[in-house]
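Q: I'd like to go over a predicted model; first the sequence, then the structure.
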Amino acid sequence: MQQVGELKPDSLVKLEQEFERQLWVGSKDTNSAAAMARLREDDAAESLAHKLAVERAALLRRLKQLQKQRETVEAVQKQLSDSLSTKLDNALLELNLEESGIPLCQTQLDLLLMLADDDADIHRLRPLILSLPWLARDLAGLMRSDQLNSRTEVDVKNPKLVVNYLGIERLRLWVPYFCARHWLPVAQARLIWPMRKLWRYQLVRAIAARQLGELSKQGLKPYVLSWLMGLPRLACLWSGGRLSDQLWGEFAMAAARERDRVLYESVQVAQIEMSGLQAAFERHQGAIWTQLWDNFKLEEHTLIEAIRFDCGAEALSELSPLSRCLLQSDGFAKSKLLGQWGSLAPAVSRQWHQYWQFNHQAMERLARANFHAIDGASIRS
């Protein structure tokens, strides 16, 4: 017989190890449970243990389902993004403004270019404004608001009187603003954040163009034209939003037909890859401008040439004063917004301003400008 303290045989060591394993992590022992059934506290503990085991098993099943759904979401997201990229490339190469949904027409562009002209005539402007009911309403609403900082007895129900009262200079300030606001895809919930950033960018650029235009004795011409610089991005947003809605509908209907809840939910949570829209815009910006040129006969307007500059083609000093002013206002708007978003260090900002050749007088004027107001009136941005 083996005495205590002697070396244990391997078989006994293994048996004790198995005991320990069963004690801590083993399955339920029916006989032991029956023997302990008289103890109420152990009944409660066993019930709790059973409940925890059931919950754990349910959680594991849910985690497996979540993993499957996550993989499905990623697959749907990729398929949507790839489909959108292909369709958007085709749409931007053959831009159909009516199909894209952007509320832009020849009358609006003619009106803005007429306002940018030094010899703008209110008698020629009036019929164009009155032919756009939404614009006439916006101008009447401006008269009723506190934004003009003036009191008047003009009958705001009479659009002709409203136009006459505002005059050329105020129309130059407010008509481009209302037109650009009208072009925004406000009904596209999926595009709300890029849309808001684009609107802020356009507003800062326009106010900078006004400041630099007045400093260089060009009046409000750069301000008016700066609003037109956002058209290619707006066309891309509108086309991207329309196509994404179309694709979402197709994917959702396919999932509904298959009665696949996981697939349907994955379609609902998938988002537009904004990097895809950005890449499409960068690829087709030139083509969009060309098609806008052709659709609206913009070659007939000499002023519009000031917008079609190639930033890398010429030195800033070689551009016309108008193009240089527009390019500088665009550069300033980008640097200001990058600073607000925390992506531009002060030292880099100074280098940026040196690159765009802002002199001390221009920087002082821009520093004093209110980039949340037009004509001294605060506006939403």
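A: Structure's in. What do you need?

Q: now Leu327: how far from Pro321?
A: Counting by CB to CB, to the nearest Å, the gap from Leu327 to Pro321 is 11 Å. C-beta: built from backbone N, CA, C; applies to glycine.

Q: actually Gln79, not the one I typed
A: Here Gln79 is placed at a distance of 50 Å from Pro321 (CB to CB).

Q: ok, now Ala58?
A: Separation of Ala58 from Pro321 (CB to CB): 72 Å.

Q: what's the answer for Leu344, then?
A: Distance, Leu344 to Pro321, using CB to CB: 27 Å.

Q: and these two? which has more neighbours close in?
A: Leu344 (17 against 14; other CB atoms under 10 Å).

Q: need the contact list for the more buried one.
A: Neighbouring residues of Leu344 by CB atoms under 8 Å, 6 or more residues apart in numbering: 335, 338, 352.

Q: okay, these in TSV with pLDDT and secondary structure next?
A: Shown next, in TSV, are these (pLDDT from 0 to 100; DSSP: H, G, I helix; E, B strand; the rest coil):
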residue	pLDDT	secondary structure
Ser335	86	helix
Leu338	86	helix
Trp352	80	helix
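
Q: so which of those is the closest to Leu225?
A: Nearest to Leu225 among those, counting by CB to CB, is Ser335 at 20.3 Å.

Q: ok, and the closest non-adjacent residue to that closest one?
A: Nearest non-adjacent residue to Ser335, counting by CB to CB, 6 or more residues apart in numbering: Trp352, 4.6 Å away.

Q: equivalent analysis for Leu132, please.
A: Leaving aside its chain neighbours, Leu132 sits nearest to Thr107 (6.3 Å; criterion: CB to CB, 6+ apart).

Q: from memory the one you found sits against Pro133, does it?
A: No: the pair Thr107 / Pro133 is not scored as a contact, 11.5 Å apart, by CB atoms under 8 Å.

Q: the two: which has the busier surroundings?
A: The residue with more neighbours, out of Thr107 and Pro133, is Thr107; 14 against 10, by other CB under 10 Å.

Q: who wins for neighbours among the contacts of Leu344?
A: Highest neighbour count within the contacts of Leu344: Ser335, with 21 neighbours (other CB under 10 Å).

Q: quick one: contacts for the residue nearest to Ser335?
A: Neighbour list for Trp352: 331, 335, 344 [criterion: CB under 8 Å, 6+ apart].

Q: so can I have CSV of these showing distance to Thr72?
A: Converted to CSV, the contacts of Trp352 look like this (distance: CB to CB, whole Å):
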residue, distance to Thr72
Gly331, 44
Ser335, 42
Leu344, 39
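
Q: of these, closest to Glu71?
A: Lowest distance from Glu71 to the contacts of Trp352 (CB to CB) belongs to Leu344, with 38.4 Å.

Q: may I have the secondary structure class of that closest one?
A: At Leu344 the chain is in coil, as set by DSSP: H, G, I helix; E, B strand; the rest coil.

Q: now it. Its backbone dihedrals?
A: Torsion angles at Leu344 (phi, psi; degrees, to the nearest 10) stand at phi -140, psi 110.

Q: how near is it to Lys197?
A: Counting by CB to CB, the gap from Leu344 to Lys197 is 15 Å.

Q: would you map the helices across the stretch 251-381 of the chain?
A: Listed in chain order, the helices of the stretch 251-381 of the chain (DSSP state H, counting those that start in this stretch) span 261-269, 274-296, 321-340, 346-355, 360-368.

Q: restrict stretch 326-338 to CA atoms and write it as PDB.
A: Extracted C-alpha coordinates of stretch 326-338, given in PDB (Å, rounded to 0.1, in the frame of the first residue of the first chain):
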ATOM      1  CA  LEU A 326     -12.400  85.000 -57.200                       C
ATOM      2  CA  LEU A 327      -9.500  82.600 -56.700                       C
ATOM      3  CA  GLN A 328      -8.200  84.500 -53.700                       C
ATOM      4  CA  SER A 329     -11.700  84.500 -52.100                       C
ATOM      5  CA  ASP A 330     -11.900  80.700 -52.700                       C
ATOM      6  CA  GLY A 331      -8.500  80.100 -51.100                       C
ATOM      7  CA  PHE A 332      -9.400  82.300 -48.100                       C
ATOM      8  CA  ALA A 333     -12.700  80.500 -47.500                       C
ATOM      9  CA  LYS A 334     -10.900  77.100 -47.500                       C
ATOM     10  CA  SER A 335      -8.300  78.200 -45.100                       C
ATOM     11  CA  LYS A 336     -10.900  79.800 -42.700                       C
ATOM     12  CA  LEU A 337     -13.000  76.700 -42.700                       C
ATOM     13  CA  LEU A 338     -10.100  74.400 -42.200                       C
END
